[in-house]
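1. I would like the atomic coordinates for the input below:
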Amino acid sequence: MSLGAHLVELRRRLLISVLGLIAGMVIAFIVTDAIIQVLTDPIRLVAESRGDADQVALMFTTVTSGFELRIRISVVVGLILSAPVWLSQIWLFVMPGLTRKETRYTWGFLGAAIPLFFAGTYVGWLIVPHIVELMATFVPDGGSLFYDTTYYYDFVLKLLLVVGVSFVLPVFLVLLNLAGIMSGIAILKGWRVAVLVITLFAAMATPAADVVSMLMLAGIMVVLYFAAVGVALLFDRRRSKREQKLLADGPPA
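-> Take a look at the predicted model:
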């Protein structure tokens, strides 16, 4: 495809992704009350553990905080809900550069990327209550714990989104291998750097005091990385066998 054709294709994929995001935002906005109820569960747990619900609460600091909160929730939850759309559009944008035989992996990519994304958001949600409860233990006795609404929801929702995306990254490593950009051996050789980056990411995504959550997140991501290496090596092996067979058969008469 020419550069102009690539740009037209990119615009088309972006448009479909945006439409998917808008649909997800509309759904999220309709059910924001239920989402707020679920996301505030960790705060209620903190209130119960401290035995004083009046000293633990969300704090709205401006007149428009309530509306802004719903918009923020709609955007991030819309991104999460529309993940099947924008993940598929990323793949379809790259797919024209692959051979016809390689495009059969489309369903395999979507079948792996979409569940992994939602699995990542679920793992992020498992981590959030531990983080909130652990951080609350550092507040001295007698101190009030009022959470700024904007900060709290940004922290929770962005953590879910970031962890979800991080779980999909190994699938993109396989995608780069399929496209012939990186071999499985090249991906494997960078394992030390990958483990270091994963550890740093897990450390930044979780509070410094929450070592258990950091190790859990880092451990899952390391396993996914080496799983991607194994799949890439398998594809390389199959590709090498096909090339050897073509060489053995010789050029067509």
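2. element containing residue 58, please.
-> Element membership for residue 58 (DSSP states H and E) is strand 56-59.
3. which residues of this structure fall in strands?
-> Ranges of strands in the chain, per DSSP state E, are 56-59, 145-148.
4. Quick one: list the elements packing against the worst-scoring helix or strand of the chain on mean pLDDT.
-> Least confident helix or strand, the chain: strand 56-59 with a mean of 75, by mean pLDDT, DSSP states H and E. Packing partners of strand 56-59 (3 or more Cβ pairs under 8 Å, 6 or more residues apart in numbering; DSSP states H and E): helix 41-50, strand 145-148, helix 149-178. The way it works is simple: take the backbone N, C-alpha and C, and place the C-beta from them, glycine included.
5. So for the last one, mean pLDDT?
-> By that I understand helix 149-178. Across helix 149-178, pLDDT averages out at 83.
6. What of stretch 226-235?
-> pLDDT averaged over stretch 226-235 gives 88.
7. For the stretch 51-200 of the chain, give me the ranges with low pLDDT.
-> Applying pLDDT under 70 to the stretch 51-200 of the chain flags the ranges 51-55, 95-106, 142-143, 179.
8. one more time with 90, if that's ok
-> Within the stretch 51-200 of the chain, the segments meeting pLDDT under 90 span 51-73, 75-77, 79-192, 194-195, 197-200.
9. how about the helices of it, start to end?
-> With helices called from DSSP state H, counting those that start in this stretch, the stretch 51-200 of the chain shows them at 65-81, 83-94, 106-136, 149-178, 184-189, 191-205.
10. What residues of the fifth one count as buried?
-> The reference is to helix 184-189. Neighbour counts over helix 184-189 (16 or more other Cβ atoms under 10 Å) mark 184, 187, 188 as buried.
11. which one of these sits closest to residue 150?
-> The nearest member of the buried residues of helix 184-189 to residue 150, counting by Cβ to Cβ, is residue 187 at 39.3 Å.
12. OK, contacts around the closest one?
-> If you count contacts by Cβ atoms under 8 Å, 6 or more residues apart in numbering, residue 187 has them with 173, 177, 228, 229, 232.
13. Give me the neighbour count for the nearest residue to the third one once chain neighbours are set aside.
-> Using Cβ to Cβ, 6 or more residues apart in numbering and skipping residues adjacent in sequence, the residue nearest residue 228 is residue 170, 3.5 Å away. By other Cβ atoms under 10 Å, the residues close to residue 170 number 24.
14. Could you double-check that residue 174 lies in contact with residue 235?
-> Yes: counting by Cβ atoms under 8 Å, residue 174 touches residue 235, with 7.4 Å between them.
15. Looking at those two now, which is surrounded by more residues?
-> A side-by-side neighbour count of residue 174 and residue 235, using other Cβ under 10 Å, places residue 174 first with 25 against 17.
16. Just give me the neighbour total for residue 92.
-> Residues near residue 92, counting by other Cβ under 10 Å: 17.
17. I'd guessed it sits against residue 13; true?
-> Yes: contact criterion Cβ under 8 Å: residue 92 and residue 13 qualify, at 6.4 Å.
18. How many neighbouring residues does residue 73 have?
-> Neighbourhood size, residue 73 [other Cβ under 10 Å]: 22.
19. got the contact list for it?
-> Residue 73 sits next to 28, 29, 32, 35, 36, 39, 153, 157 when contact means Cβ under 8 Å, 6+ apart.
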